[in-house]
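**Q** sequence and computational prediction follow.
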Number of protein chains: 2
Amino acid sequence: MSTTAEHDRPASRPDRSPKQDRSRATRQRLLEAAVACLAEHGWAGSTVAVVAERAGVSRGAAQHHFPTREDLFTAAVEYVAEERSTALRDLFPEGAADRRAVVAALVDLFTGPLFRAALHLWVAASNEEQLRARVTELEARVGRETHRIAVDLLGADESRPGVRESVQGLLDMARGLGLANLLTDDTARRARVVTQWAALLDDALG
Amino acid sequence: MSTTAEHDRPASRPDRSPKQDRSRATRQRLLEAAVACLAEHGWAGSTVAVVAERAGVSRGAAQHHFPTREDLFTAAVEYVAEERSTALRDLFPEGAADRRAVVAALVDLFTGPLFRAALHLWVAASNEEQLRARVTELEARVGRETHRIAVDLLGADESRPGVRESVQGLLDMARGLGLANLLTDDTARRARVVTQWAALLDDALG
């Protein structure tokens, strides 16, 4: 963690040097390449060297940013998850409007390359001690943030009985729908399930 | 498939020889060892040789039953899924009684070693062409059967609008809850989500 902190300055920071900008751009290329690599080749096929080559970065530079394989891939999943969370909030700048649309957008978080990459990391972590603690902590953090976004966008009042669990169940369903989309294109069925459960959720949230 | 058909005779078949019984018992030991192996070590750590040793069966005998790694592991996941489906039906011999109990039992299908094993197979299949077609077909078959059981046990009338999608969404949620239980013990949270969603489903099914 400490090795990446110096590159995490916000883009607007006035004292950034061209060297820091280059370092930041390199880091970002590595993170995006890592998620794509994980999604396409799984954990077994994903190493720092493969990602460095894909990103057009020297192996030494990659290792400067991410000393271990675990550092690189957990940082990559977290980075892309944050990007997607921000994009999701930006989709609904006014907050909850059409709950069906919000549910569909939440479910969309769990399809595509990020979910695929996260799933590979998750499953690998279940059998690898070194990865397990890192991924458990990462998933808890990403999960809390996703829950917070869902509550905000759905306009859910969690002080009412059952509301918190309804939102949690929705996100569990979203995760399951992501899994159902892994081997086949499940788009049409998913849209029907989303419509039905958005209606049930609407009743539950009042 | 043709290599396994001769061992698939029902236990009650009168003309079974002791040799056939032994062959059937060997096959069953291999299937159970394969699921346990997949759950514990993932696809990368699961080979016919490792499973044969775990089952106390010679490698030659294992290969007689299952010529390829894909044969063994897809058959194993299917076998255990069938066992669990049967056990689930047996839990509710009278059909739908308490929907909360049925939902909890359905969700339980997606925790434990079978789900873990299936998940490893599923994720491996997303990156391995050889496995992909087999697992896609297997999942479709197991998925249809699970849906049928859910409809029966819940007493769901699928001719009514939205009922089919409600049951599908429930099973998607169950799958997502299985995923949430992979790295940490999610039992307490899961019970609360099940209670809430069982209530929503109860309203939807009427």
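**A** Nice, I can see it.

**Q** please identify which helix or strand holds residue A:137.
**A** Using DSSP states H and E, residue A:137 maps to helix A:129-154.

**Q** that helix: which residues count as buried?
**A** A:131-132, A:134-136, A:138-139, A:142, A:146-147, A:149-151, A:153-154 (16 or more other C-beta atoms under 10 Å in any protein chain shown). All C-beta atoms are positioned from the backbone trio N, CA, C, and that covers glycine.

**Q** please tell me how far the spatially most central residue of chain A sits from chain B.
**A** The residue lying closest to the centre of chain A (C-alpha atoms, centre = their mean) is residue A:81, at 2.5 Å. Using C-beta to the nearest C-beta, to the nearest Å, we find residue A:81 at a distance of 15 Å from chain B.

**Q** over to residue A:87?
**A** Per C-beta to the nearest C-beta, residue A:87 is found 22 Å from chain B.

**Q** what number of residues lie near that residue?
**A** 11 (other C-beta atoms under 10 Å in any protein chain shown).

**Q** quick check: residue A:189 touching residue B:168?
**A** Yes: with contacts counted by C-beta atoms under 8 Å, residue A:189 reaches residue B:168, the gap being 6.9 Å.

**Q** which one of these two has more residues nearby?
**A** Of the pair residue A:189 and residue B:168, residue B:168 is the one with more neighbours under other C-beta under 10 Å, namely 23 against 17.

**Q** tell me which residues touch that one, please.
**A** Going by C-beta atoms under 8 Å, 6 or more residues apart in numbering or on different chains, residue B:168 touches A:189, A:192-193, B:147.

**Q** please redo it, this time with the cut-off set to 7 Å
**A** A:189, A:193, B:147 (C-beta atoms under 7 Å, 6 or more residues apart in numbering or on different chains).

**Q** for the first one, give me phi and psi.
**A** Residue A:189 has phi and psi values of phi -60, psi -40 when expressed as degrees, to the nearest 10.

**Q** so how far is residue B:163 from it?
**A** For residue A:189, the distance to residue B:163 equals 15 Å [C-beta to C-beta, to the nearest Å].

**Q** also residue A:90?
**A** For residue A:90, the distance to residue B:163 equals 36 Å [C-beta to C-beta].

**Q** so for those two, which sits in the more crowded spot?
**A** Each of residue A:90 and residue B:163 has its neighbours counted (other C-beta under 10 Å); residue B:163 has more, 19 against 8.

**Q** how about the more buried one, nearest residue that isn't a chain neighbour?
**A** If the residues on either side of it in the chain are set aside, residue B:163 comes closest to residue B:156, at 5.2 Å by C-beta to C-beta, 6 or more residues apart in numbering or on different chains.

**Q** thank you kindly, that will do.
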